[in-house]
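Novice: Generate a structure from the sequence data that follows.
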Amino acid sequence: MICFQLLVTYLTRKIAAFPAMTLGLVISSLSWLILAIYPTTIALVVTLVVLALGEMIQSARYYDYISRLAPPGQQGLYMGCAFLPIALGYFVAGPLGGYLLHYFGDVLHQPQRMWWVVTGIGLIGAVLMLIYDKVFDPGKASAAGEA
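Specialist: Below is the predicted model:
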């Protein structure tokens, strides 16, 4: 899927960084519903394609957004900390995924239901991003710093 990154970035170039990140997160989150509704091998492939599309939309603008959040002269510091949420996700996702798979697979014998939880977590993340944007209005702060 990496070969499509340039195309997706080109097609989404006119979308501002924050809406593009939010759109990518929503698409990635909703992709798991395909597998939840149709737990088949073909649905898994389609899920991964849609997931990759959402990730390509989001990742293309992530560093642009991070650099614009930074006060003048601190872009390097902010870019260096850009991997912090990814690292935190790494430590949470493994145990959480294991728990979900055990609970929905071994206990309930309905592993496809775990994807509803994964979708919910992603959509909550998108809502929290929107709340953050409205409460802190980082676009206004970065514009004031540039002026």
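Novice: what's the burial count for Gln60?
Specialist: Just so we're on the same page, residue 60 is Ala rather than Gln. Per other CB atoms under 10 Å, the neighbour tally for Ala60 reads 22. Using the backbone N, CA and C atoms, a C-beta is placed for each residue, glycine as well.
Novice: For it, report the pLDDT, please.
Specialist: As predicted, Ala60 sits at a pLDDT of 83.
Novice: Just to check, it is in contact with Thr12?
Specialist: Yes - Ala60 lies in contact with Thr12 (CB atoms under 8 Å); the separation is 6.5 Å.
Novice: got any residues that touch both of the two?
Specialist: Listed as contacting both Ala60 and Thr12 by CB atoms under 8 Å, 6 or more residues apart in numbering are Ala20.
Novice: name the helices or strands packed onto the lengthiest helix in the chain?
Specialist: For the chain, the helix with the greatest residue count under DSSP state H is helix 41-69. On a contact count with 3 or more CB pairs under 8 Å, 6 or more residues apart in numbering; DSSP states H and E, helix 41-69 meets helix 5-11, helix 17-37, helix 75-80, helix 138-146.
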